[in-house]
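S.K.: got a structure for you, letters missing:
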């Protein structure tokens, strides 16, 4: 007969925490939040500055995309390695090295005077982020005692992960728009702002974090090479697939995806044979963790649909300035803080399935709300754009955009907090870093895959809609005599731009609808398979063994 011991059934009550310890934990959380916010917002902060960077450094449009892609590639490809380095050599040490590398790379980006230096600095930022982010998440599990304190810490971490993209858009728009602040171009501050934050976090870390125990083993070099290159191949391939200039049929896209899959298969073979693998199979062995990883790959992919397509919609169609567009997402940050705080309190009394399941349904409803956006695509309205009228002037931010932005934030806060907890709960101490790396990798790869799929869907429907409205637009333009008033090349360019604007909404709203379906798929997975109880999240250490008596 099998039975659990009493200690397995009744969670251990943590000892009371002194005021000095509470202060130390509060500062530790501030440092983790600073680092995570810095890492996440850098994914978007440079986006708005791209035209200014291209002008100042004479970078063509094709190479400008590498300012964003280079960071994403290094970050996503090195996360597993960064997490394992923390397990082997100490998480505090790797956290400190990561934020210092990030700060130095940001300094190089801020003073860059050539294209190669700027692109190299962005890749180096990704290296630093890949070390700091999983170490920060693992430090939560080793610094904060299980129960309410750790749940609150995870809630803040999850909130930083969620609001970072929105903060990046706002901060990027504001800094870029400044006129020679401190004697430098505004876009340079989008990089330089990270320098004091990173150095301060590294300097204060020894005071508020204890070094984690170093674990026996050596770095799995073959696994590190194949795993990193495999992830690089996937992220790069998905990024190209989502770019309308290349798409899924491009030979480099297909070659990169095929190479990525082949390398990851080889990586799996290596991991099953080595004594100290980079990614132990046991990390996926527990159903709760496996379900959390799968859900955390699908959910951010759907969330990226809102940031990507809605930011383009409010700028290209409604007519917002970049800074105005950034502030349009401010309610998302507010909603994330509210919902993450609510989730951190409820997780002590409510099972993760109900919080994450409900949150994913709310987020799906928000995406469905965005899919109902519409504009007047009549030839007369399209031609009005040439006179300075916004195509989407009849779109109300307060009734058609704001409510769903806020709903999305509420839903994702209820999702991120419990799933971040369940994804790293009951991991062995020696696997905390790589487990955090897997969680971050799932988000990065899932985001790249989701954006590629949704961009393909959007382009397909936008193209079909463009073919429908182009003849009427051309006829109306000729009827108004525009073909006689404009040079032939300018006329055809204007017709192409107006057709794109008129058809973009069709593509974007279809992408929102597919994103809602992705969110519902993740919700079904959560409701059916995430069976862990909230009482278990108040216990510490690896899964309790079952004793035979």
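M.R.: That came through fine. Fair warning: this is a prediction, and the values are worked out from it, not measured in the lab.
S.K.: which stretches of this structure aren't confidently modelled?
M.R.: 1-17, 61-62, 179-183, 212-217, 540-549 (pLDDT under 70).
S.K.: got the residue ranges for the strands in it?
M.R.: 2-3, 547-548 (DSSP state E).
S.K.: ok now stretch 154-172, how far from the chain's centre?
M.R.: 9 Å (Cα atoms, centre = their mean, to the nearest Å).
S.K.: hang on, isn't residue 309 packed against residue 450?
M.R.: No - contact criterion Cβ atoms under 8 Å: residue 309 and residue 450 do not qualify, at 11.5 Å. All C-beta spots, glycine's among them, are computed from the backbone N, C-alpha and C.
S.K.: count of neighbours near the closest residue to residue 137 other than its chain neighbours?
M.R.: Nearest in space to residue 137, with sequence neighbours left out and distances taken as Cβ to Cβ, 6 or more residues apart in numbering, is residue 436 at 3.8 Å. Neighbourhood size, residue 436 [other Cβ atoms under 10 Å]: 29.
S.K.: what do you get for the one 5 residues further on?
M.R.: The tally of other residues near residue 441 (other Cβ under 10 Å) stands at 29.
S.K.: Residue 404 too?
M.R.: Neighbours around residue 404, by other Cβ under 10 Å: 24.
S.K.: same deal with residue 224?
M.R.: 19.
S.K.: cool, residue 483 as well?
M.R.: Neighbour tally, residue 483, other Cβ under 10 Å: 15.
S.K.: Kindly report the same for the one 10 residues further on.
M.R.: Summarising burial for residue 493: neighbours were counted as other Cβ under 10 Å, giving 12.
S.K.: likewise the one 10 residues further on?
M.R.: Residue 503 has 23 neighbours, counted by other Cβ under 10 Å.
S.K.: which ones are touching it?
M.R.: 377, 462-466, 469 (Cβ atoms under 8 Å, 6 or more residues apart in numbering).
S.K.: how close does it get to residue 509?
M.R.: 11 Å (Cβ to Cβ, to the nearest Å).
S.K.: Same question for residue 113.
M.R.: 43 Å.
S.K.: again with residue 239
M.R.: Distance from residue 239 to residue 509, counting by Cβ to Cβ: 23 Å.
S.K.: Let me see the contact set for the closest residue to residue 533 other than its chain neighbours.
M.R.: Counting by Cβ to Cβ, 6+ apart, the nearest residue to residue 533 once its immediate chain neighbours are dropped is residue 351, at 5.5 Å. Counting by Cβ under 8 Å, 6+ apart, residue 351 touches 532-534.
S.K.: count of residues packed around residue 85?
M.R.: Residue 85 - counted by other Cβ under 10 Å - has 26 other residues nearby.
S.K.: My read is that it contacts residue 220, right?
M.R.: No - here residue 85 lies out of contact with residue 220, judged by Cβ under 8 Å, at a distance of 11.2 Å.
S.K.: residues touching residue 185, list them.
M.R.: 52, 56.
S.K.: Could you do the one 10 residues further on as well?
M.R.: Listed by Cβ under 8 Å, 6+ apart, the contact partners of residue 195 are 103, 106-107, 110.
S.K.: wait, which of those residues is closest to residue 387?
M.R.: Lowest distance from residue 387 to the contacts of residue 195 (Cβ to Cβ) belongs to residue 110, with 40.3 Å.
S.K.: shouldn't the closest one be in contact with residue 196?
M.R.: No - using Cβ under 8 Å as the test, residue 110 is too far from residue 196 to be in contact (11.5 Å).
S.K.: okay, the two: which has more neighbours?
M.R.: Comparing residue 110 with residue 196 by neighbour count (other Cβ under 10 Å), the higher total belongs to residue 110, at 20 against 11.
S.K.: For residue 369, the count of nearby residues, please.
M.R.: 18.
S.K.: what separates it from residue 311, distance-wise?
M.R.: 17 Å.
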